[in-house]
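*Asks:* Task: produce atomic coordinates for the following.
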Amino acid sequence: MLRAFLDASTVGQGGEKDTRHPFLAVAAWVGAIKQWSALQGKWRKARTRSGIDYLRMADIMNPENPQYRDWSDRKRAAVISRLIRLINKHVLFGVSVVLDLADYESLTRAEKDLTGRTPYFFGAAACIGAVARELTLRHIEEQVLYVFESGDQGEPALRTSLARFAGVSERFRSAFHVYSVMPGTKRQFPALDAADFLAWEITHHAYKADRTARPFLARTDLDERMKSLTVPTRGFFLDHQNFQEWVGTPEQEALLLEELDIRRAGRQRKRKRES
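*Replies:* Below is the predicted model of the structure:
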């Protein structure tokens with residue numbers, strides 16, 4: 001069995017002068033459970049030496065954050081570089097999905113129904129679909145145990161979205177290689193720091209990049225931190241031009257829509273009984 005650590009990051013909507021679109025990224029690293037155990041043990045020690053309980057990119061990269069205000073750029077880079085070296089050594093591959101939130105909000109109600117009605121659900125489902133696609137390309141048939149961050153520090157909208165996967169059908173789980181989807185904290189699972197890193201880097205790259213340049217997530221345009229990754233990473237960008245596209249197989253897309261229809265029908269029946 002494989003394990004994947006998944007996280008989300010948003011950026012944008014920085015005021016009237018900020019005309020760039022806001023973005024949401026959902027990202028996941030996938031690897032063998034034994035390799036994750038090795039990474040987590042080493043990273044736990046690295047965090048202790050650095051004097052941090054966990055790594056949150058939004059905090060560590062914010063010069064105004066009181067916890068990191070006295071950190072030098074060199075220390076910041078050293079901590080992140082240590083995490084990247086562990087990812088390179090222990091992780092199988094990574095995937096990320098970026099959504100243009102302004103374009104998502106411009107969708108009609110019917111179109112949003114096809115995405116699960118929230119960008120976080122759509123991003124999470126697309127990310128899980130991207131993992132399944134990568135496993136198929138690699139001829140790997142193992143299932144994946146997904147872990148996402150819970151608690152006060154976790155993104156509430158992502159938690160709510162991923163909770164919906166708890167009741168999906170066996171057919172869905174089999175087609176998407178999903179063994180289970182479970183919450184956890186960064187104290188329990190230090191590897192969640194790695195997912196936080198990838199989601200933050202990808203969404204900030206999307207925010208800064210030239211949207212007219214394709215492919216949108218070209219590695220050549222990434223920051224030096226991302227360029228030092230040797231683990232294969234595959235990114236997908238979804239905006240008004242391709243929200244109707246799916247990063248998985250047609251069969252997986254059909255199953256997702258089937259699950260959404262089942263959920264909507266169930267809610268409608270419940271409302272009728274209560275009225």
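
*Asks:* Would you mind confirming that residue 168 makes contact with residue 180?
*Replies:* No: between residue 168 and residue 180 there is no contact under CB atoms under 8 Å: 10.4 Å. For every residue, glycine as well, the C-beta is placed using N, CA and C.

*Asks:* With neighbour numbers in mind, choose between these two.
*Replies:* Applying other CB atoms under 10 Å to residue 168 and residue 180 shows that residue 168 carries more neighbours, namely 19 against 13.

*Asks:* just the strands in this structure please.
*Replies:* Taking DSSP state E as the test, the strands found in the chain are 2-11, 23-32, 93-100, 144-149, 178-184, 233-238.

*Asks:* Redo these as JSON lines? Include mean pLDDT and distance to residue 134.
*Replies:* Listed next are the strands of the chain as JSON lines, based on pLDDT from 0 to 100; distance: least, CB to CB, whole Å:
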{"stretch": "strand 2-11", "mean pLDDT": "93", "distance to residue 134": "11"}
{"stretch": "strand 23-32", "mean pLDDT": "95", "distance to residue 134": "7"}
{"stretch": "strand 93-100", "mean pLDDT": "92", "distance to residue 134": "6"}
{"stretch": "strand 144-149", "mean pLDDT": "94", "distance to residue 134": "10"}
{"stretch": "strand 178-184", "mean pLDDT": "92", "distance to residue 134": "14"}
{"stretch": "strand 233-238", "mean pLDDT": "85", "distance to residue 134": "6"}
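
*Asks:* Tell me where the model's unsure across this protein.
*Replies:* 13-20, 114, 151-154, 208-223, 240-250, 252-253, 259-275 (pLDDT under 70).

*Asks:* Show me where the stretch 151-275 of the chain has its helices.
*Replies:* 156-163, 170-175, 192-208, 224-227, 250-274 (DSSP state H, counting those that start in this stretch).

*Asks:* How about the stretch 1-150 of the chain?
*Replies:* For the stretch 1-150 of the chain, the helices defined by DSSP H, counting those that start in this stretch occupy 33-50, 57-60, 73-90, 101-105, 109-113, 119-137.

*Asks:* Let me have these in JSON lines, extended by mean neighbour count.
*Replies:* Formatted as JSON lines, the helices of the stretch 1-150 of the chain follow (neighbours: other CB atoms under 10 Å):
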{"stretch": "helix 33-50", "mean neighbour count": "16"}
{"stretch": "helix 57-60", "mean neighbour count": "18"}
{"stretch": "helix 73-90", "mean neighbour count": "16"}
{"stretch": "helix 101-105", "mean neighbour count": "17"}
{"stretch": "helix 109-113", "mean neighbour count": "11"}
{"stretch": "helix 119-137", "mean neighbour count": "23"}
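
*Asks:* To residue 6, which of those helices lies closest?
*Replies:* Closest approach to residue 6 among the helices of the stretch 1-150 of the chain (CB to CB): helix 119-137, 6.4 Å.

*Asks:* With just CA atoms, put the closest one into CSV.
*Replies:* In CSV, the C-alpha atoms belonging to helix 119-137 read as follows (Å, rounded to 0.1, in the frame of the first residue of the first chain):
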residue,chain,number,x,y,z
PRO,A,119,-13.4,24.6,-5.6
TYR,A,120,-11.8,22.7,-2.7
PHE,A,121,-13.8,19.5,-3.5
PHE,A,122,-13.1,19.9,-7.2
GLY,A,123,-9.4,20.5,-6.5
ALA,A,124,-9.1,17.6,-4.1
ALA,A,125,-11.0,15.3,-6.5
ALA,A,126,-8.8,16.4,-9.4
CYS,A,127,-5.7,15.9,-7.3
ILE,A,128,-6.7,12.3,-6.4
GLY,A,129,-7.6,11.8,-10.0
ALA,A,130,-4.1,13.0,-11.0
VAL,A,131,-2.5,10.5,-8.5
ALA,A,132,-4.6,7.7,-10.0
ARG,A,133,-3.5,8.7,-13.5
GLU,A,134,0.1,8.7,-12.5
LEU,A,135,-0.2,5.3,-10.9
THR,A,136,-1.8,4.0,-14.1
LEU,A,137,1.0,5.4,-16.2
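
*Asks:* for that helix, packing partners?
*Replies:* On a contact count with 3 or more CB pairs under 8 Å, 6 or more residues apart in numbering; DSSP states H and E, helix 119-137 meets strand 2-11, strand 23-32, strand 93-100, helix 101-105, strand 144-149, helix 156-163, strand 233-238, helix 250-274.
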